[in-house]
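Colleague: Fold the following, please.
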Amino acid sequence: MASIVIKDNLESPPHSPPGSRRASLIDPVVSFPSSSMLFTRQTQAIIYNFKENAVQGMLDFDTLCSRETPSVAALVAPGQEGFHKVFFKTSELLLNVYPTVSAAVRSHPKASVFINFASFRSAYASSMKALEEPSIKVVVIIAEGVPENQARSLLAAAKKAGKTIIGPATVGGIQAGAFKIANTAGTMDNVLACKLYRPGSVGFVSKSGGLSNEMYNVLSRTTDGIFEGIAIGGDAFPGSTILDHVLRFETLPQVKIIVVLGEIGGWDEWEIARALKTGLIKKPLCAWVSGTVAKIFPSEVQFGHAGAKSGDQSESADAKNKALREAGAVVPQSFEQFASAIAETYQKLVENGTIIPQPEPQVPSLPLDFKAGVKLGKVRKATNVISTICNDKGEEPTYCGMPISDVIEQGFGMGDVIGLLWFKRRLPKYASRFIEMCLIMVADHGPCVSGAHNAIVAARAGKDLVSSLASGLLTIGPRFGGAIDDAARYFKEAVDSKLTPSAFVEGMKAQGKRIPGIGHLIKNRENPDKRVVLLKEYAKGNFAVSKYLDYALAVEQYTLQKASNLILNVDGCIAVCFLDLLYSCRQTEVNDTDSLLQGVSEVLSGNQKKEKEDKEKSPLEGQSNGDSVHKSSSIDNIKSPRTANGGSDTVVKSKSRDNLQTSAKYEVEDSKRMFSEAMIKEIVDIGYLNGLFVMGRSIGLVGHVLDQKRLKQPLYRHPWEDTLLVDEYSL
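Modeller: Model (predicted):
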């Protein structure tokens, strides 16, 4: 690599500390790298341990600069691989993510910049690996606090390989209109304000990233802006010095004026003064060393950066400003005068023709990020998905507006949760309890039914729990499990059409259709299904309406004349009782949310005093609490809601069929019903009842799958003796 040589015949600053970076530079011959152009409009980077905002910021800068190719070639995430989605201009782009530096470099040999976001604990190893890659020319180390011995080792490796290090403890650098490192220059608004989307004539270098951003703004107002800006980093041993970059600027024809912002501590500014005196720097150089306030403190002062501390007098800001001024640099008397000093120097270069101001190009526009646009209220977009099930945008997901924690604290059961999520309502307690009874009753019907059998076969084939469950659930349909939905539809249509039970039965027979919900393989008139008995008792004792159950029982009486097993089965009973439930629920039962929640809490805690007060209220007043909350899961302890229609507050005391009362007279007025006629039709049509079967049966199917795995059952093969093998040509 070419170099610039300084023959040191000048007096060195006094008291240079042994072993310091300065001590190594006052030898008779000192070499500085002169590789001039670090970046171009074609430069691409590999980013290690990447940060999403920094990556997108670089690509947004590319958009402002109208680059044809993205400045980010690839990403490295140790131990991971895949893709990371970003925006380049108005299109989405997938960036490859590699597990190692070597893998990324092999796949992207044109990438010449390595930007390292690793912490100070691990930055050394990854940076050294990048320096060993021939295609990497510039290594940027963002981390602050890299151990000094590691920083020295990296510096030696870079010098040996003829490469450049920016950092540690740096924000990076930028070539206006060409390439930006990570978060350099801050937001896109600042990039636009500082006109960094097009090149200027100033080469700027500093240690501080924050002050660099400030100076980019100053230079955009006092000159035609920067051509290149570098923040070398604030650690005591940076990979490159201020002088390294000043000498680069001296060789760049695009740079007409050099601006340096130094700081207290260190020896960089003395080296610049020497280079000015020896004639190595011929371009106009404006400089200021910050930290002049340190002289008012009686002891050594640390100014943020590791290297920004006042040592002896030669490291003070005043001494270095004086040395630069005497060497020929333009140095103002205070920082407040720095901008005007730069402006005067720039204007002289314009007047003598060194700088020819160019017409300002049209300010480019950056596509507005959708999230930012929404936040600013500047864009709107139709949503692709509508959901009323659960709102998880806040601190806690809510079910129908109720936080999950409240659902748990108030003792809600699965029936209550189904009411909130499926029906978007807080159902009366007798309704929630009915739903839970249905889930219990359909949970499992043994291993021989098709759903359980399929789940068992899948589990024994080695499939996982979810796959085996899905295998069982996929059998649910018109012939298995779907009878609840169909029974509800047919019985509702028959009742609403005012068909007599006999007309309904004979009509289905004429169509060649079986009546869903009627008939049982085992149970009959003499041996009734206990589950059906319990459901009928519960409905008669708790629902204000039972017209569909009464109709189904009348149909049963007609079908029993044909065969003793043509009874109302559990599917049919669930269907008609559920219809009656929908017609029975009243708005007043859950209108007072506070009363409902309070009632649930008090019943669960066994507060007898409140229960006594509720009983003393009138039936209508007590309805929102006493009738909407039950104390026990036992049927015998559930209050009837019929009191709102003029009856007494009754409790089902007997499960005998003799005590079942007709509730046809207890019709609920349409205006008081929780579910309208249209809503009930929709609930039946879109499969709510089938949903109950699916949810309940999933419990049993999971049990069968776990059972097979626990028993370590082998692959299932159906026996030949159970299969009739027929030659198809003989049919």
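
Colleague: contacts and neighbour counts: CA atoms only from here.
Modeller: OK.

Colleague: Ala701 is in contact with Ala455, isn't it?
Modeller: Actually, residue 701 is Leu. It isn't Ala. Yes. Counting by C-alpha atoms under 8 Å, Leu701 touches Ala455, with 6.5 Å between them.

Colleague: Overlap in contacts, those two.
Modeller: Jointly contacting Leu701 and Ala455 under the rule C-alpha atoms under 8 Å, 6 or more residues apart in numbering are 469, 472.

Colleague: how far out from the middle of the chain is stretch 575-592?
Modeller: Distance, stretch centre to chain centre, for stretch 575-592: 39 Å (C-alpha atoms, centre = their mean, to the nearest Å).

Colleague: same question but for stretch 544-555, I mixed them up
Modeller: 51 Å.

Colleague: what helix or strand is the nearest residue to Gly687 once chain neighbours are set aside on?
Modeller: Using C-alpha to C-alpha, 6 or more residues apart in numbering and skipping the chain neighbours, the partner closest in space to Gly687 is Asp485 (6.3 Å). Assigned by DSSP states H and E, Asp485 belongs to helix 483-496.

Colleague: List the contacts of that helix.
Modeller: 478, 500, 504, 515-517, 548, 551-552, 571-572, 574-576, 579, 684-685, 687-690, 693.

Colleague: hang on, the earlier thing: now do the same for the residue nearest to Gly687: its pLDDT.
Modeller: At Asp485, the pLDDT value in this model is 91.

Colleague: burial of it, as a residue count?
Modeller: Asp485 has 28 neighbours, counted by other C-alpha atoms under 10 Å.

Colleague: same check, this time on Val466
Modeller: If you count neighbours by other C-alpha under 10 Å, Val466 ends up with 12.

Colleague: how much space between it and Ser698?
Modeller: Separation of Val466 from Ser698 (C-alpha to C-alpha, to the nearest Å): 11 Å.

Colleague: Ala73 now?
Modeller: Distance check for Ala73 against Ser698: by C-alpha to C-alpha, it reads 49 Å.

Colleague: quick one: low-confidence ranges for this protein?
Modeller: Judged against pLDDT under 70, the low-scoring parts of the chain cover residues 1-35, 293-312, 588-668, 729-731.

Colleague: could you point out the longest helix in it?
Modeller: Taking DSSP state H as the criterion, the chain has its longest helix at helix 688-710.

Colleague: List of residues touching that one?
Modeller: Contacts of helix 688-710 (C-alpha under 8 Å, 6+ apart): 435, 438-444, 447, 451-452, 455-456, 459-460, 465, 468-469, 472-473, 476, 481-482, 484-485, 575, 683.

Colleague: Run through the helices of the stretch 401-550 of the chain in chain order.
Modeller: Applying DSSP state H, counting those that start in this stretch to the stretch 401-550 of the chain gives helices spanning 404-409, 414-422, 429-442, 450-460, 465-473, 483-496, 501-510, 530-542, 547-559.

Colleague: how about the CA coordinates for the first one, as CSV?
Modeller: Extracted as CSV, the C-alpha positions of helix 404-409 are listed here (Å, rounded to 0.1, in the frame of the first residue of the first chain):
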residue,chain,number,x,y,z
ILE,A,404,-58.2,-12.4,31.3
SER,A,405,-57.1,-11.8,34.8
ASP,A,406,-60.6,-10.6,35.7
VAL,A,407,-62.1,-13.7,34.0
ILE,A,408,-59.9,-15.9,36.3
GLU,A,409,-60.4,-13.8,39.4
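
Colleague: Now do it: everything it contacts.
Modeller: Contacts to helix 404-409, defined as C-alpha under 8 Å, 6+ apart, come from residues 396-398, 417.

Colleague: again, but for the second one
Modeller: Contacts made with helix 414-422 from outside it, assessed by C-alpha under 8 Å, 6+ apart, are listed as 389-390, 399-400, 407, 425-427, 429, 431-436.

Colleague: What subset of those residues is buried?
Modeller: Among the contacts of helix 414-422, the ones that count as buried by 16 or more other C-alpha atoms under 10 Å are 390, 399-400, 407, 425-427, 429, 431-436.

Colleague: Pick out whichever of these sits closest to Gln313.
Modeller: Checking those against Gln313 by C-alpha to C-alpha gives Cys390 as the nearest, at 67.6 Å.

Colleague: residues touching that closest one, list them.
Modeller: By C-alpha under 8 Å, 6+ apart, the contact list for Cys390 reads 397-400, 421.

Colleague: same thing with Gly57?
Modeller: Contacts for Gly57 (C-alpha under 8 Å, 6+ apart) come out as 182-183, 187-188.

Colleague: Which element, helix or strand, includes it?
Modeller: Assigned by DSSP H and E, Gly57 falls within helix 52-64.

Colleague: re the thing from before, in the longest helix of the chain, which residues are buried?
Modeller: Result for helix 688-710 [16+ other C-alpha under 10 Å]: buried residues 688-694, 696-706, 708-709.

Colleague: now stretch 204-219
Modeller: Within stretch 204-219, the residues scored as buried using 16+ other C-alpha under 10 Å are 204-209, 212-213, 215-219.

Colleague: thinking again about what came up before, now, which of the contacts of helix 404-409 lie within strands?
Modeller: Those of these mapping onto strands are Thr398, per DSSP state E.

Colleague: Restrict the contacts of helix 404-409 to the buried ones and give me that as a PyMOL selection.
Modeller: Here is the PyMOL command that selects the buried residues among the contacts of helix 404-409 (16+ other C-alpha under 10 Å):
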select buried, resi 398+417
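
Colleague: name the element the residue nearest to Tyr124 when sequence neighbours are not counted belongs to?
Modeller: Nearest non-adjacent residue to Tyr124, counting by C-alpha to C-alpha, 6+ apart: Gln150, 6.4 Å away. Following DSSP H and E, one finds Gln150 within helix 148-161.

Colleague: what does that helix contact?
Modeller: Contacts to helix 148-161, defined as C-alpha under 8 Å, 6+ apart, come from residues 124, 127-128, 131, 164-165, 168, 236-240.
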